[in-house]
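Asker: okay, here's the prediction I keep looking at, along with the sequence it came from:
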Amino acid sequence: MYLRLGLRKLFMKKLLLCLTLSFFVGSSAFADSVAIRNYPVSSKSAIQSSRILYSNARNLNQKDESLLCAIKEIQNSITQNPNDYFLYASLIDLYIKAGMFDKAYDQLIFLSNLASKNMLDSNTLQKLNNIYQVNKTNLKFITNDKDLMYLNMSLLAIIQNDVVKSADYISYTSINKENQDKIDNTLRIIFNKIADGQKSVEFCDKILLKNPKNAYVLKQKALFLEQLNRPKEACDSYLEVLSLNSDDADSKFFIFKYLKEKGVSEKEIFKKIYKTDKPDYNKAYYEIADMFLKSGNSSVAAKYAQVLVNKYPDNANGYILLSEIYKKEGKLKESYEALEKVRDKADSNEAVSKYNVMLAKLSDEPLKEANSLIMNGLYEQALEVLDSADQGNLYVILTQARANYLLKNKENTFDLLNKAMSLFPENSDVYCAFGYIYLQEKDIDTARKYTNKSLKINPQNKTALDLLDMVNQAETDTMMNNIITNYESQNYTETMRLIDEALEINKKDSNLYFYKALTYIAQNNYAASTASLYKCIELDKNNKPAYFYLASAFDNLSEPENALINYKKFINLLGEEDYGESERRNYALYRIKKLSQK
């Protein structure tokens, strides 16, 4: 008998599930069939195909498989028609039928944002309404992932402008870390859609009746009360938020400002904010000063930061904050003075880090201005600006050295570079700066020594890598005179030896490859010349003679097609100003005509 009762219960459960599924499918399918003639053209074939797949299934397993096929069909159609929002609505319908509430939610978030901007057409809205009407009466049968199902229904309700029902559905969701972000995201969309302060407060109250510990809703309510100019109620809501999240800075800031305007003492305000009769005033004044600074009220921020350092003169973070506030007000002198008072008081990794960041910020602005002045040739003015920067900052020192060198004050330049070396003996940029100055002085060997030392410390230093290219180029430039002299004297063996030696130093100089090719051509080795000419053109695409000699080499190798191509490239590169190329131009035009006739 018990066995029969158990089987009967199992049978009733299966029957209930089948009835539920059939209701989900049947009702929406009927509604779809009535409206299918109104679907967008791009949607019709995909919707019809997915419906046929589903309706032809004979049992639950087949229906599961056909649902997946139908989903894939719609997804493919969306790829081809991404602006057909009716397809997205149809996909939501299929996801819900398949129990894929998470995927349905993602699509609904997308459509809800569009609905809030009035971007959905009537067909899509009707489709979403059908889904809403079918599913809202069947929520009691749903046992899997209720939170997501309720969130889906809440979004559907808000699209239908059913604010009361939307709040109901949200209030049924549980508060857990896994779904909190989705709940908050859903609420954001709903509040944007409502766009009415009083209605939004009522919406929050409806949710809070069933879920009074939803910090996000409490904070939204407080914000709406602020907008409605109801500060007392907003303050009460913010106090509730703090009871759930003691670190919420917005709540602390509003409560402090409101109660301060009401004449409440700071001591009593801090008791309320920190919910203790003995608040940590060190922390309290720091947070309030920081909040005023972030709100853009630097003068009030400075007042509370000053109170903080007066009460707690050993508070390194207080002086760093005061320095930041003064910097915001453009008071660089006062900002440096505040930092000076804490130079040796930073007693934690956090404070040391903040100190270094603030020091870098203070030097950053004068550095930017000084570099801009140097770019415009105003070297003395750049040095004046740098007088207000941190004189122990490496890049301030290096920029001062640069400006002095450009003013031809070499003694000052090297004094500053030596100062940088003594303060930062293992810094790659210091050696790079020395290398640059020696390169300008045409002392290539010493420039290379410092550049190599810089790269040994930091092989990825881009400035040093660029400097190495400049050093290499300078060295090959000095070798080039000897190469040209030997080439013009027809001493080709020595010319080639010098070119190969130069290429060991600098493989990026197109002129080396050009003269290597000319040397091969002078010895009638046209085949060998083409590789060097191609490399020359790779490094310098505008080297006009290189195209001419490449064409000539192919001409001598009896390769008319390659010759014709490169003669034409040579002609196309020539401009009216290329008077010196008239002889090669005429010959190229002659050969183009001849080769084109073959």
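Answerer: Received, thanks. Numbering: from 1, shown residues only.
Asker: pLDDT averaged over stretch 168-180 - what is it?
Answerer: For stretch 168-180, mean pLDDT rounds to 68.
Asker: give me the distance between stretch 451-459 and the centre of its chain.
Answerer: On the basis of Cα atoms, centre = their mean, to the nearest Å, stretch 451-459 sits 31 Å off its chain's mean C-alpha point.
Asker: can you point out the buried residues in it?
Answerer: 451, 453-455, 457-458 (16 or more other Cβ atoms under 10 Å). All C-beta atoms are positioned from the backbone trio N, CA, C, and that covers glycine.
Asker: which one of those residues is nearest Leu498?
Answerer: Closest approach to Leu498 among those (Cβ to Cβ): Thr451, at 23.2 Å.
Asker: who touches the closest one in this structure?
Answerer: Applying Cβ atoms under 8 Å, 6 or more residues apart in numbering, we find Thr451 in contact with 431-432, 435, 464, 467-468, 471.
Asker: one more time with 10 Å, if that's ok
Answerer: 431-432, 434-436, 438-439, 461, 463-472 (Cβ atoms under 10 Å, 6 or more residues apart in numbering).
Asker: from these, which would you call buried?
Answerer: Neighbour counting over these (16+ other Cβ under 10 Å) leaves 431-432, 434-436, 438-439, 461, 463-464, 467-468, 470-472 as the buried ones.
Asker: ok, back up a step: mind listing which of the buried residues of stretch 451-459 are in strands?
Answerer: With strands taken from DSSP state E, there is no overlap with the buried residues of stretch 451-459.
Asker: of these, closest to Asp280?
Answerer: Of all these, Asp280 sits closest to Asn458, with 43.5 Å by Cβ to Cβ.
Asker: ok, and the closest non-adjacent residue to that closest one?
Answerer: Ser428 (3.7 Å; Cβ to Cβ, 6 or more residues apart in numbering).
Asker: let's see which of the buried residues of stretch 451-459 end up in helices.
Answerer: Cross-referencing the buried residues of stretch 451-459 against helices under DSSP state H gives 451, 453-455, 457.
Asker: wait, which of those residues is closest to Ile521?
Answerer: Nearest to Ile521 among those is Thr451, at 35.5 Å by Cβ to Cβ.
Asker: now the buried residues of stretch 451-459 as a markdown table including distance to Pro212 and pLDDT?
Answerer: Output for the buried residues of stretch 451-459, formatted as a markdown table (distance: Cβ to Cβ, whole Å; pLDDT from 0 to 100):
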| residue | distance to Pro212 | pLDDT |
| --- | --- | --- |
| Thr451 | 68 | 92 |
| Lys453 | 67 | 92 |
| Ser454 | 64 | 91 |
| Leu455 | 64 | 91 |
| Ile457 | 61 | 90 |
| Asn458 | 58 | 90 |
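Asker: phi and psi next, for the residue nearest to Asn458.
Answerer: Per-residue torsions, Ser428: phi -60, psi -40 (degrees, to the nearest 10).
Asker: what helix or strand is Gln133 on?
Answerer: Assigned by DSSP states H and E, Gln133 belongs to helix 122-136.
Asker: give me the below-cutoff pLDDT ranges for the stretch 51-200 of the chain.
Answerer: Within the stretch 51-200 of the chain, the segments meeting pLDDT under 70 span 51-64, 116, 136-147, 174-179.
Asker: Lys193 and Asn113 touch, don't they?
Answerer: Yes - under the criterion of Cβ atoms under 10 Å, Lys193 makes contact with Asn113 at 9.5 Å.
Asker: quick one, helices of the stretch 251-400 of the chain?
Answerer: For the stretch 251-400 of the chain, the helices defined by DSSP state H, counting those that start in this stretch cover 266-274, 281-294, 298-311, 316-328, 332-340, 349-375, 379-386, 394-406.
Asker: out of those, deepest packed?
Answerer: Greatest average neighbour count among these goes to helix 316-328 (a mean of 24), per mean count of other Cβ atoms under 10 Å.
Asker: what angle do that one and helix 349-375 make?
Answerer: Interaxial angle, helix 316-328 versus helix 349-375 (axes from the mean of the first three to the mean of the last three Cα atoms, to 10 degrees): 20 degrees.
Asker: re the thing from before, closest one to Lys410 out of the buried ones among the contacts of Thr451, please.
Answerer: Nearest to Lys410 among the buried ones among the contacts of Thr451 is Tyr438, at 11.5 Å by Cβ to Cβ.
Asker: which helices and strands does the host helix or strand of that closest one pack with?
Answerer: Counting by DSSP H and E, the element that carries Tyr438 is helix 428-440. With contacts defined as 3 or more Cβ pairs under 10 Å, 6 or more residues apart in numbering; DSSP states H and E, helix 428-440 has these neighbours: helix 394-406, helix 410-423, helix 444-457, helix 462-488.
Asker: alpha carbons of it, as PDB, please.
Answerer: Only the C-alpha atoms of helix 428-440 are listed here, as PDB (Å, rounded to 0.1, in the frame of the first residue of the first chain):
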ATOM      1  CA  SER A 428      69.400  52.600 -15.600                       C
ATOM      2  CA  ASP A 429      68.200  56.100 -16.600                       C
ATOM      3  CA  VAL A 430      71.200  57.800 -14.900                       C
ATOM      4  CA  TYR A 431      73.700  55.900 -17.100                       C
ATOM      5  CA  CYS A 432      71.400  56.600 -20.100                       C
ATOM      6  CA  ALA A 433      71.600  60.400 -19.400                       C
ATOM      7  CA  PHE A 434      75.400  60.200 -19.300                       C
ATOM      8  CA  GLY A 435      75.500  58.300 -22.500                       C
ATOM      9  CA  TYR A 436      73.300  60.900 -24.300                       C
ATOM     10  CA  ILE A 437      75.500  63.800 -23.200                       C
ATOM     11  CA  TYR A 438      78.700  62.000 -24.300                       C
ATOM     12  CA  LEU A 439      77.100  61.100 -27.700                       C
ATOM     13  CA  GLN A 440      76.300  64.900 -28.100                       C
END
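Asker: about what we covered before: export the helices and strands packed on helix 428-440 as a markdown table, with columns for distance to Ala502.
Answerer: Putting the helices and strands packed on helix 428-440 into a markdown table (distance: least, Cβ to Cβ, whole Å) gives the following:
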| stretch | distance to Ala502 |
| --- | --- |
| helix 394-406 | 29 |
| helix 410-423 | 30 |
| helix 444-457 | 13 |
| helix 462-488 | 5 |
